[in-house]
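Novice: sharing a model that was predicted from the sequence below.
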Amino acid sequence: MDTPALEVVDLVKRYGATTAVTGLSFTARRGAVTALLGPNGAGKTSTIEICEGFRHADGGSVRVLGRDPVTDAAELKPRVGVMPQSGGVPTGARAAEWLRLMASFHAHPIDPDLLLERLGLTSAGRTPFRRLSGGQQQRLSLACAVVGRPEIVFLDEPTAGLDPQARMATWDLVSALRAAGVAVILTTHHMEEAERLADHVVIIDHGSVVTEGTPAELTRGRRDVCFSTETPIDSEALRAALPDGGEVTSIVAGGRHEYTVATHAAEAPGPEFLATVAAWCASAGVLAEDLRVRRRTLEDVFLETTGRELRD
Ligand SMILES: Nc1ncnc2c1ncn2[C@@H]1O[C@H](COP(=O)(O)OP(=O)(O)OP(=O)(O)O)[C@@H](O)[C@H]1O
């Protein structure tokens, strides 16, 4: 079996009295995108920075391409791409010159001009880093991380604050890296990003893994029945009509009442559950518009596993 591109075992990181990472373990494959999801302060950046060799662990172990990120740093440097959350490029450096310089450190780099074009940065090539927009700075950092054709690349919130076009260009690049056999490790707060890009999702909270799997595995077997109405319904009466009790929640959006009906049964609601909801609506004279079975999303799973309270 292939050795994993990244292996994190029982990782611990403390900052004074704060334990940011508490026995965290996961692995990441080559040719796959592994997404680390977690609320603010969950320990994602600390974990990534230890993997990058920028921070020392207080316990556990990390192997990047089978090597130790601190003691084998020199050997790993040309094989590992790093896009930090911010910075990494001198403020006065012109975008294209800097990327060409980065490319010159590698034996078989991607053509820097091609990469600039791909990320929509060609016209900003002569602009010093500090004068680039936030989104352009981010894309240049991404270009620097991948120009050397790394075997593994760490992207810390690569699309935070990007407009939809720039986000799409970033997603395309991540998909191309994956197809080329690169192990992509990314942190993100965008559930859609994880759902679309990730082969493996690791949800982290309070410094350890709360659940992990493919997006399909994580959302499997979880479905709700949803519909909307012009006027409010008697939610309690609908709940009472459900075979297993179930749960009816509602929100008001755009002046409409949107209902979500979930089952408490272990298995996903089947055709009869949908029929029960439809039959109750008919008997109550409720026109259930947009009635559908909705697969639960990664965002639902994220909120279920990490809770709804706000973090510092
Ligand atoms: N250099 C530091 N000194 C002290 N505490 C730190 C330091 N870096 C991080 N922490 C603390 O460690 C915890 C984990 O932070 P970390 O940045 O790893 O989380 P995160 O999951 O990346 O969060 P975010 O999504 O907000 O980027 C937080 O409580 C944070 O305040």
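Specialist: Received, thanks.

Novice: with only the CA atoms kept, save the helix or strand harbouring residue 74 in CSV.
Specialist: Residue 74 is part of helix 73-76 when elements are defined by DSSP states H and E. Output of helix 73-76 as CSV, limited to C-alpha atoms (Å, rounded to 0.1, in the frame of the first residue of the first chain):
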residue,chain,number,x,y,z
ALA,A,73,13.0,20.2,6.3
ALA,A,74,15.7,20.7,3.7
GLU,A,75,14.8,17.5,1.8
LEU,A,76,11.1,18.3,2.0
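
Novice: which residues does it contact?
Specialist: Here helix 73-76 makes contact (CB atoms under 8 Å, 6 or more residues apart in numbering) with 53, 64-65, 67, 69. Where C-beta positions appear, they are placed from N, C-alpha and C, glycine not excepted.

Novice: ok, now stretch 77-86?
Specialist: 45, 52, 64-65, 88, 105-107, 137, 141-142, 144-146, 148, 150-158, 160.

Novice: touching the ligand at all, it?
Specialist: No: using CB under 6 Å from any ligand atom, stretch 77-86 stays clear of the ligand, coming no nearer than 6.9 Å.

Novice: just the buried positions in that stretch, please.
Specialist: By 16 or more other CB atoms under 10 Å, the buried positions in stretch 77-86 come out as 79-85.

Novice: from the residues you listed, which land in helices?
Specialist: When the buried residues of stretch 77-86 are checked against helices (DSSP state H), there are no matches.

Novice: now these in CSV, with distance to residue 287 and pLDDT?
Specialist: Converted to CSV, the buried residues of stretch 77-86 look like this (distance: CB to CB, whole Å; pLDDT from 0 to 100):
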residue, distance to residue 287, pLDDT
79, 60, 95
80, 58, 96
81, 54, 96
82, 55, 94
83, 50, 90
84, 53, 77
85, 48, 73
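
Novice: which other helices and strands contact the top helix by length along the chain?
Specialist: For the chain, the helix with the greatest residue count under DSSP H is helix 164-179. Packing partners of helix 164-179 (3 or more CB pairs under 8 Å, 6 or more residues apart in numbering; DSSP states H and E): helix 112-118, helix 134-146, strand 183-187, helix 191-197.

Novice: which one of the ones you listed lies nearest to the ligand?
Specialist: Of all the helices and strands packed on helix 164-179, strand 183-187 sits nearest to the ligand, with 6.4 Å by CB to the nearest ligand atom.
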